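Engineer: here are the coordinates; sequence isn't available:
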């Protein structure tokens, strides 16, 4: 959903609070048997800031419907405000705006394969909007004025460039990217340009002036690019439909007799809908891209009534036209399937909140659901974070609990759920905060190979690719269950990373954190080097305390090796957290071999090499004690352990 319309939708929500949801039992209403195999994915963006996005699936073969196949298959929610969905090869890429992620799933199974975080150098959400593909690369338009290029083989963000203000729609034509720049949400500063980006050089080469608030943009078979612009932000339009000549890169035609809020193109036929938010009326027209004429002013022929058209798509196998209906925006929406002659074929009711995109894919496997993250973790043995800006946040607490009322056992159970079932990241807080993990099957030490990977959320800054960006290194310890009692009570060994023998690394370092009074104050610390400091609060994390109150202690003491500071201020508002060469958690991106670990790196307390043929336990702790300006303290985050021999 365009952010400009979220303001309007918020007003609609207030007006519609007392509208009841439709009866969920009326799904589906068929007028005709559906033939063929495969099915349709239906992306529902949910309600803004409520983590209610979902992915429905209807199987054409056996007429079964799954209201949220992503949740069913992956054991976790999709995220907040899913905005776009496209297939490339065997993978489906789902763009989740307010979560700042690209979720990649297998089109045949619905299982998640990768989650790409799109963050800038300040660790802020880029707000990805729409995605397109060209020659094994994905290109994502983001509301932070950037375009991200992703390698579809490695899922790595390769490069980032600037477009215009608030890039929204994006498409490929004539070996170039065309990006609609919607402008900011202030009605006096609407965007009115389309950026043209040369794909081979990945540089912007031109800005084309178009109608205000450009949005949906798509090519036809002759590399003409069509654009729908939404005009003012109050929902009154005018909604303008234009054609861009990609040889000259200029607007070739403005169709004054066509109002276009949204559209899709199939076989050079455009299906265009318009919706008046004031009168709550709509029209759906059919446009021939070859003759550039309207060939049908009223597509729906049987009197079928839609409340609020929201998304439109065509089934490439038979030409059926699918239209989503968002209803009141607060109750579950529907999907209508029309034959090419404009008569209703069938309706799928109550698919989810605000269905906005559809995708026709091969039949989903009926294999049992399973977690899709590759975590090998079977137990979270203990979790003792140091104070930090993420500690005590709602995501780490059971429903209904606060930092003041939650117990340690409840926190441990929730962290186990987050890591094992959901595969989400867990923060260890400032220096020394740690987590201990256990495995039902040991991780073998195989000579000449890396043995496991620690999954985190590190990424590279686009200007310092491969060097760093958001690296928050944690030291990894391993242990073998020598006595066979299943308890992590045997000796621990550090995996010596690249900084182990760095003269600036402080071994035998210890730090004490003091419970603040009041509890919402900055957290003071003192170390054994005679230094004091604070873990400061910030405006982005406003929970009642950064101190883990469930520990029921006034002081928390942690020991370990302190790595050299890795944060550098490269501008007044920009910090770069450099990555160390190897051997640390949350240091390099998950898709890099530099996030892999070799058990043969193990050393004892004196730094002597130790041979372990296998390990049963891993402990990770934050190993940098540094506050990086407004972005806060360095805090290692992990989301799983991957056994590289499985």
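Structural biologist: The structure has been received and is ready for your questions. These numbers come from a predicted model, not from an experiment. Numbering: from 1, shown residues only.
Engineer: when you work out contacts or count neighbours from here on, use the C-alpha atoms and nothing else.
Structural biologist: Will do.
Engineer: which ones are touching the closest residue to residue 638 other than its chain neighbours?
Structural biologist: Of all residues not flanking residue 638 in the chain, residue 456 sits nearest, at 4.2 Å (C-alpha to C-alpha, 6 or more residues apart in numbering). Residues near residue 456 by C-alpha atoms under 8 Å, 6 or more residues apart in numbering: 425, 585, 586, 587, 589, 590, 636, 637, 638, 639, 640.
Engineer: nearest residue to the second one other than its sequence neighbours?
Structural biologist: In this case it means residue 585. residue 474 (4.8 Å).
Engineer: okay, now that neighbour: neighbour count?
Structural biologist: Look at residue 474: counted by other C-alpha atoms under 10 Å, it has 30 neighbours.
Engineer: do I have it right that it meets residue 634?
Structural biologist: No: in this structure, residue 474 is not within contact of residue 634 by C-alpha atoms under 8 Å, at 9.8 Å.
Engineer: now the common contact residues for these two.
Structural biologist: 622, 624.
Engineer: and the residue nearest to residue 585, how far is that from residue 242?
Structural biologist: Counting by C-alpha to C-alpha, to the nearest Å, the gap from residue 474 to residue 242 is 53 Å.
Engineer: what of residue 483?
Structural biologist: 74 Å.
Engineer: these two: which has the busier surroundings?
Structural biologist: Set residue 483 next to residue 242 and count neighbours by other C-alpha under 10 Å: residue 242 wins out with 22 against 10.
Engineer: element containing the more buried one, please.
Structural biologist: Assigned by DSSP states H and E, residue 242 belongs to strand 240-245.
Engineer: ok, and for the helix or strand just after that strand, which residues are buried?
Structural biologist: For strand 240-245, the succeeding helix or strand toward the C-terminus, using DSSP H and E, is strand 250-255. Under the neighbour-count criterion of 16 or more other C-alpha atoms under 10 Å, strand 250-255 has 250, 251, 254 buried.
Engineer: now the helix or strand following strand 250-255: mean pLDDT?
Structural biologist: Using DSSP H and E, the helix or strand that follows strand 250-255 in sequence is strand 262-266. The predicted model assigns strand 262-266 a mean pLDDT of 95.
Engineer: so what are the sheet partners of strand 262-266 and their directions?
Structural biologist: Next to strand 262-266 in the sheet, as set by DSSP bridges, lie strand 269-276 (antiparallel).
Engineer: other residues contacting the strand it pairs with?
Structural biologist: For strand 269-276, using C-alpha under 8 Å, 6+ apart, the contacting residues are 235-236, 239, 259-265, 281-289, 308-309, 312.
Engineer: which of those residues are buried?
Structural biologist: 235, 239, 259-265, 282-289, 308-309, 312.
Engineer: so which strand or helix has residue 620?
Structural biologist: strand 614-622.
Engineer: which elements pack onto that strand?
Structural biologist: Helices and strands touching strand 614-622, by 3 or more C-alpha pairs under 8 Å, 6 or more residues apart in numbering; DSSP states H and E, are strand 434-444, strand 474-479.
Engineer: turn these into CSV, including mean pLDDT.
Structural biologist: As requested, those are exported to CSV (pLDDT from 0 to 100):
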stretch, mean pLDDT
strand 434-444, 94
strand 474-479, 98
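Engineer: any chance of the ones you listed in CSV, plus distance to residue 113?
Structural biologist: Output for the helices and strands packed on strand 614-622, formatted as CSV (distance: least, C-alpha to C-alpha, whole Å):
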stretch, distance to residue 113
strand 434-444, 22
strand 474-479, 25
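Engineer: out of these, deepest packed?
Structural biologist: Most buried of these, by mean neighbour count (mean count of other C-alpha atoms under 10 Å): strand 474-479, with a mean of 24.
Engineer: what's next to that one, contact-wise?
Structural biologist: 488, 490-495, 497, 583-587, 599, 602, 615-624, 636.
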